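Enquirer: Next one to model:
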Amino acid sequence: MVRVKPFDYFDHKNGNSVIAVSGIKLLRGLTLEGLSISYYLRASRMYDTLMQMGRWFGYRGGYVDLCRLFTSRELNEWFCHITQASEELRDEFDYMADVAGSTPEQYALSVRTHPGVLQISATNKMRSAITVQISWAGRLVESYEFKKDVSVIDNNFRCTQKFFSTLSAFKEPRRNNAFVCFDIPAEQIIIFFEGIQSVENLKKAEPRKLIQFITTQLRNGELSDWRVALMSKPNAKNNSHFVISGNTVSIGQWKRTEDDKNSNEHIYYLRKSHIISPSDEFIDFTDEEYEKAMALTNQHRKKDGEAMYPNGQIVRNELRDTRKPLLLIYLLDPEESIDPKNPMPEGTNPFVGYAISFPKSNFNAPVSYAVNEELLDRFDIVEEDFEDYGDED
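Expert: You can find the predicted model right below:
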């Protein structure tokens, strides 16, 4: 026997099957005990309202195979999207607590936006929100802010040593101050970045954001075969030992001066926000590729005279294969780089910094986030300006 009753008189303990029909009360997320089959068509275009409505889909553990939900294709897509946005926020919280060691004060709220009609919340609740699109296609991404936490430094150093011990296919670079490896699967790059700890969770060069972008582009057949360069300073004051192709080699540590205005007892911030020297971005090029890059640079050059090195933006957008980004890794000497007035403990391992030269994308789909306008600086949008920037070494 099946009875149709208004929801206010719902009783599931009398042994009969019951159909509950309701709107407002279910709309606000009331959970029905023993619910097994739901037909759901009522929609909302607000994230927060949809999340409230979704609560009543819940079930008791062990009964998932008995539960069914029938809804429209559009609503299914909407719920999938807000689930992704919600899980992304949860992952950021976990990352801050378990990996980055950040505090709640350092968290800058961002929520992934929907490419269609959905809104995060009502307009009057989003007055200070600005939409920011994040993409690394055709960009040079650099890490230039580091924690002075010795445990973080040690973790990143060990992670980098382990990463290079697993690589093969090293080739002679155009310059002799680097070990360059070709055709590294993206999966190995992702594993490396999963082990790296950074300052916060919303930086442009933050590992988790990079992993998301790489994973997305892999579905389009891009960023699949990486080139990796371990940059070594000739005649360095301090060196580190790495195992490369089964041999122990000495890697020279670099000096990158600390910016006293942006650094403090906890943070090491690089002067001019650059870790690379301008010509490093072409370390993987053959002589022929380098000459072509120089020719294109001079062809587009607006200033008088010839350029000293290729233009990175031109190279990334016109010469780099969409499958073959370049990852450069630097070991930064804490003894030479950190202000001697507040030195690191003696024997501290080098800071591990990196830069990535991302080629353009033929399928680039930037991810949009709604961010409080006062927190835009947390996204680290830094111009690629190498004017008057020279190699410190």
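Enquirer: Please count neighbours and contacts with C-alpha atoms only from this point.
Expert: Will do.
Enquirer: In the stretch 201-350 of the chain, what residue spans correspond to helices?
Expert: Residue ranges of the helices in the stretch 201-350 of the chain, as given by DSSP state H, counting those that start in this stretch, are 207-218, 287-300, 312-318, 334-337.
Enquirer: following the shortest one, which helix or strand comes up?
Expert: Next helix or strand after helix 334-337 toward the C-terminus (DSSP states H and E): strand 351-357.
Enquirer: what about that following strand, average pLDDT?
Expert: For strand 351-357, the mean pLDDT works out to 96.
Enquirer: list the helices and strands that strand packs on?
Expert: If contacts are counted by 3 or more Cα pairs under 8 Å, 6 or more residues apart in numbering; DSSP states H and E, strand 351-357 sits against strand 140-142, helix 150-165, strand 326-332.
Enquirer: Could you measure from the residue lying closest to Lys360 once chain neighbours are set aside over to Leu223?
Expert: Nearest residue to Lys360 in three dimensions, chain neighbours excluded: Gly138, at 4.1 Å (Cα to Cα, 6 or more residues apart in numbering). Counting by Cα to Cα, to the nearest Å, the gap from Gly138 to Leu223 is 12 Å.
Enquirer: Also Ile190?
Expert: Per Cα to Cα, Ile190 is found 11 Å from Leu223.
Enquirer: Can you pull the residues that touch both of the two?
Expert: By Cα atoms under 8 Å, 6 or more residues apart in numbering, Ile190 and Leu223 have these common neighbours: Ile214.
Enquirer: okay, the two: which has more neighbours?
Expert: Leu223 (25 against 17; other Cα atoms under 10 Å).
Enquirer: What's the local residue count around the closest residue to that one other than its chain neighbours?
Expert: Take Leu223 and drop its neighbours on the chain: the residue closest to it by Cα to Cα, 6+ apart is Arg323, 4.2 Å away. Number of residues near Arg323 (other Cα under 10 Å) recorded here: 21.
Enquirer: what number of residues lie near the residue lying closest to Asp259 once chain neighbours are set aside?
Expert: Computed as Cα to Cα, 6+ apart, the closest residue to Asp259 that is not its neighbour in sequence is Arg271, at 4.5 Å. Arg271 has 18 neighbours, counted by other Cα under 10 Å.
Enquirer: Any figure for the gap between Arg271 and Asn262?
Expert: 9 Å.
Enquirer: Ok, Lys209 next?
Expert: 23 Å.
Enquirer: same deal with Val315?
Expert: 31 Å.
Enquirer: Neighbour count: the two, which is higher?
Expert: Shown here are Val315 and Asn262; by other Cα under 10 Å, Val315 has more neighbours (25 against 12).
Enquirer: Need the pLDDT of that one.
Expert: Note on Val315: pLDDT of 88.
Enquirer: pretty sure it is touching Met294, no?
Expert: No. Taking contacts as Cα atoms under 8 Å, Val315 lies outside contact range of Met294: 9.2 Å.
Enquirer: Can you tell me which of the helices and strands packed on strand 351-357 is most buried?
Expert: When you average the neighbours per residue for each of those (mean count of other Cα atoms under 10 Å), strand 326-332 leads with a mean of 24.
Enquirer: Determine the set of other helices and strands touching that one.
Expert: strand 225-231, strand 351-357.
Enquirer: model confidence over stretch 290-300, on average?
Expert: 91.
Enquirer: How about it, which residues are buried there?
Expert: Neighbour-count burial for stretch 290-300 flags 290, 292-294, 296-298 (criterion: 16 or more other Cα atoms under 10 Å).
Enquirer: Ok, stretch 247-254 next?
Expert: In terms of neighbour count (16+ other Cα under 10 Å), stretch 247-254 has its buried residues at 250-254.
Enquirer: I'd like to know which of these are part of strands.
Expert: If you go by DSSP state E, those have 250-252 in strands.
Enquirer: Tell me the one among those nearest to Asp183.
Expert: Nearest to Asp183 among those is Ile251, at 21.9 Å by Cα to Cα.
Enquirer: Go ahead and confirm His274 touches Leu140.
Expert: No. His274 lies out of contact with Leu140 (Cα under 8 Å); the separation is 10.3 Å.
Enquirer: low-scoring stretches of the stretch 201-350 of the chain, by residue?
Expert: Where the stretch 201-350 of the chain drops to pLDDT under 70, the residues are 201-204.
Enquirer: if we can go back for a sec, make TSV from the helices and strands packed on strand 326-332 and add mean neighbour count and distance to Ile19 to it.
Expert: What follows is the helices and strands packed on strand 326-332, written out as TSV (neighbours: other Cα atoms under 10 Å; distance: least, Cα to Cα, whole Å):
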stretch	mean neighbour count	distance to Ile19
strand 225-231	23	56
strand 351-357	22	58
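Enquirer: quick one: which of these is nearest Asp154?
Expert: Checking the helices and strands packed on strand 326-332 against Asp154 by Cα to Cα gives strand 351-357 as the closest, at 8.3 Å.
Enquirer: Quickly run through the sheet partners of that closest one, with directions.
Expert: As defined by DSSP bridges, the strand partners of strand 351-357 come to strand 140-142 (antiparallel), strand 326-332 (antiparallel).
Enquirer: Any idea which of the ones you listed gets closest to Val243?
Expert: Val243 lies closest to strand 326-332 among those, at 14.8 Å (Cα to Cα).
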